[in-house]
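>>> What shape does this take:
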Amino acid sequence: MEERVISLQAEIQEKEAQLFEVQDELTKVKDSNETLEIEKEKLNEEIEKLKLAQSESKRDFKEIVTTYEQMSAKSSARVITKMGDAEAVQILSSLKPATLAAILEKMSPEDAAKYTSMLTK
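Sure, this is the predicted structure:
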């Protein structure tokens, strides 16, 4: 009987040790989850900031396009040909067709051909 009691006590101690290991692992998982939740919140805040900045950038760009549409075609053509190709194409592709046509008419044939080619790609 005593051997059985000793065996059961040893088994209880072993199960308690396993329980502590499981509890320790659970605590680690909870801590990890809390850390991930905090990181998730930070990333969501960053996403919101970027969305806001993108929205403001789109609004600013629309204002730039509107400005070019209000400028004379001759003035717009001179300025656009001095820009980098990417910026120029971005603006030109956003203009109304009538405005775009007027601006392209005021450019040199080489520049008009270059930008027309870029707009078609």
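
>>> Report the central residue of the protein.
With distances taken as C-alpha atoms, centre = their mean, the residue of the chain nearest its centroid is Leu50 (6.3 Å).

>>> how many other residues sit next to Gln9?
Counted with other C-beta atoms under 10 Å, the neighbours of Gln9 add up to 10. Where you see a C-beta, it was placed from the backbone N, CA and C, and this is true even at glycine.

>>> host element of it?
In this structure, Gln9 is located in helix 2-70 according to DSSP states H and E.

>>> which secondary structure elements does the helix or strand that that helix is followed by contact?
On the C-terminal side of helix 2-70, the closest following helix or strand by DSSP H and E is helix 73-82. The elements that helix 73-82 packs onto, with contact taken as 3 or more C-beta pairs under 8 Å, 6 or more residues apart in numbering; DSSP states H and E, are helix 2-70, helix 85-94, helix 97-106, helix 109-120.

>>> for the record, mean pLDDT for helix 73-82?
For helix 73-82, mean pLDDT rounds to 95.

>>> Same check on stretch 48-66?
Rounded mean pLDDT across stretch 48-66 is 88.

>>> cool, stretch 28-44 as well?
Computed over stretch 28-44, the mean pLDDT rounds to 95.

>>> For it, list the C-alpha coordinates in CSV.
Extracted as CSV, the C-alpha positions of stretch 28-44 are listed here (Å, rounded to 0.1, in the frame of the first residue of the first chain):
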residue,chain,number,x,y,z
LYS,A,28,4.1,33.1,-22.7
VAL,A,29,1.4,32.8,-25.4
LYS,A,30,-0.8,35.4,-23.6
ASP,A,31,2.2,37.8,-23.5
SER,A,32,3.0,37.1,-27.1
ASN,A,33,-0.7,37.8,-28.0
GLU,A,34,-0.7,41.1,-26.1
THR,A,35,2.5,42.1,-27.9
LEU,A,36,1.0,41.2,-31.2
GLU,A,37,-2.2,43.1,-30.4
ILE,A,38,-0.2,46.2,-29.5
GLU,A,39,1.8,45.9,-32.8
LYS,A,40,-1.5,45.4,-34.7
GLU,A,41,-2.9,48.6,-33.2
LYS,A,42,0.3,50.5,-34.1
LEU,A,43,0.1,49.2,-37.7
ASN,A,44,-3.6,50.1,-38.0
